[in-house]
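Colleague: starting from these lines, generate the structure:
(one chain, ligands or ions: 2)
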Amino acid sequence: MITVRVPAKVNVQLGVGGLRADGFHDLANVFFAVALGDQVTATAAEPGTGVTLSCAGPDADQVPLDGTNLAARAARLLAAHHGVPADVHLHIDKSIPVAGGMAGGSADGAAALVACDALWALATPQPVLLELAAELGSDVPFALLGGVALGRGRGELLEALPVSGTFHWVFAVAEGGLSTPAVFRECDRLREQAGTGSGIDQVPTPDPSAALLTALAEGDPVALAAALGNDLQAAALSLRPALTGCLEAGLTAGALAALVSGSGPTCAFLAKDAAGAEAVAAALAASGTCRAAHATHGPVAGAQVIDGG
Ligand SMILES: C[C@](O)(CO)[C@H](O)COP(=O)(O)OP(=O)(O)OC[C@H]1O[C@@H](n2ccc(N)nc2=O)[C@H](O)[C@@H]1O
Ligand SMILES: Nc1ncnc2c1ncn2[C@@H]1O[C@H](COP(=O)(O)OP(=O)(O)OP(=O)(O)O)[C@@H](O)[C@H]1O
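Modeller: Ligands and ions are numbered 1, 2, ... in the order given. Next up is the predicted model:
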């Protein structure tokens, strides 16, 4: 039995370029891994059983337990790559909000790759795991890497970034999720409506912000707060206007900055320190603008075996 811990992500910069012919957008995506995470346990199964799944946690009823689950797809992809049978039971201990913009499904996919690789003693080299991860989804490679990284292309071409110290975050979980493709479509629609166009020839491919990279490298939360940016935020707010109230509640409670996490609807708040994060989380929980609020920190490592007994 192998248990892997895997982090959720917040995008401290999500620069979205034009719509490509393949339906994806080129990004300048600065991923940041936070301690709020899932655990995936892989247990050996009888030959011919295939991949079976179970899930525990407050949102477990929203997690598909069929072959579409990213953890199951990851196990089958790894097995096919090595030509071994995909017989395994995967148990997901879920803390990451589902369809929340924190890459929860992607995290489970990355965790399943690492857990099955260890269970089946495959010793897959990291670059191969990263390639398999990219086949599963744009956010999956980062969940393997963790820390802070710049994702180019559709977010899968990663470069680790220097970072100092620990940053303190609060995540406000919304009622219900948002579909990632729907949020990208809304971003394109808003661009068309504004008359700028949404295609690859009309929207320049964004670059990472120099001020943001310096703030990360220097471990400066005030400077990071000033440099945070998410090009999907307007689209998420357009689809879910009530999120504005949540963002404002966190700022009123003393957060240094507030933004939508990735494609939303989870809202992320940067705090000055651990005590500041606890205070913002308590105020948000009492504000009635979200379902739950969690104080956490980062950066933390990517998917890692924590129990191999
Ligand atoms: C919003 C982010 O979470 C930011 O990290 C990611 O860009 C989304 O990553 P993801 O959920 O792993 O997305 P994927 O499973 O690869 O793609 C789902 C859908 O999102 C849209 N998509 C995704 C990534 C990207 N760079 N451009 C896109 O337009 C496409 O419609 C795609 O069909
Ligand atoms: N292991 C999984 N955990 C949660 N959802 C999963 C999983 N596997 C597949 N899904 C499906 O993926 C959908 C999106 O869930 P997920 O939690 O990954 O969203 P997200 O965090 O917004 O993704 P991202 O931030 O990568 O765009 C869910 O509604 C669910 O149907």
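
Colleague: is any residue of stretch 65-83 near ligand 2?
Modeller: Yes. Applying Cβ under 6 Å from any ligand atom, one finds stretch 65-83 in contact with ligand 2 at 68-71. (Each C-beta comes from the backbone N, C-alpha and C, glycine too.)

Colleague: which one of these sits closest to ligand 1?
Modeller: Closest to ligand 1 out of the residues of stretch 65-83 next to ligand 2 is Leu70 (8.6 Å), distances taken as Cβ to the nearest ligand atom.

Colleague: by neighbours, which of the residues of stretch 65-83 next to ligand 2 wins?
Modeller: Of all the residues of stretch 65-83 next to ligand 2, the highest neighbour tally under other Cβ atoms under 10 Å goes to Ala71, namely 31 neighbours.

Colleague: test my guess that that residue contacts Leu53.
Modeller: Yes. Contact criterion Cβ atoms under 8 Å: Ala71 and Leu53 qualify, at 6.8 Å.

Colleague: which residues are in contact with each of the two?
Modeller: Taking Cβ atoms under 8 Å, 6 or more residues apart in numbering as the criterion, Ala71 and Leu53 both touch 90, 92.

Colleague: can I get stretch 198-214 as PDB, trimmed to CA atoms?
Modeller: Output of stretch 198-214 as PDB, limited to C-alpha atoms (Å, rounded to 0.1, in the frame of the first residue of the first chain):
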ATOM      1  CA  SER A 198     -10.000  36.500 -28.800                       C
ATOM      2  CA  GLY A 199      -7.800  34.700 -31.400                       C
ATOM      3  CA  ILE A 200      -4.200  33.800 -31.300                       C
ATOM      4  CA  ASP A 201      -3.400  36.600 -33.800                       C
ATOM      5  CA  GLN A 202      -5.300  39.200 -31.800                       C
ATOM      6  CA  VAL A 203      -4.200  38.600 -28.200                       C
ATOM      7  CA  PRO A 204      -0.500  38.700 -27.500                       C
ATOM      8  CA  THR A 205       1.000  35.800 -25.600                       C
ATOM      9  CA  PRO A 206       1.500  37.100 -22.100                       C
ATOM     10  CA  ASP A 207       4.800  37.100 -20.200                       C
ATOM     11  CA  PRO A 208       5.400  36.600 -16.500                       C
ATOM     12  CA  SER A 209       5.400  39.800 -14.500                       C
ATOM     13  CA  ALA A 210       8.900  40.900 -13.400                       C
ATOM     14  CA  ALA A 211       7.600  42.500 -10.200                       C
ATOM     15  CA  LEU A 212       5.800  39.200  -9.400                       C
ATOM     16  CA  LEU A 213       9.000  37.100  -9.900                       C
ATOM     17  CA  THR A 214      11.000  39.500  -7.700                       C
END
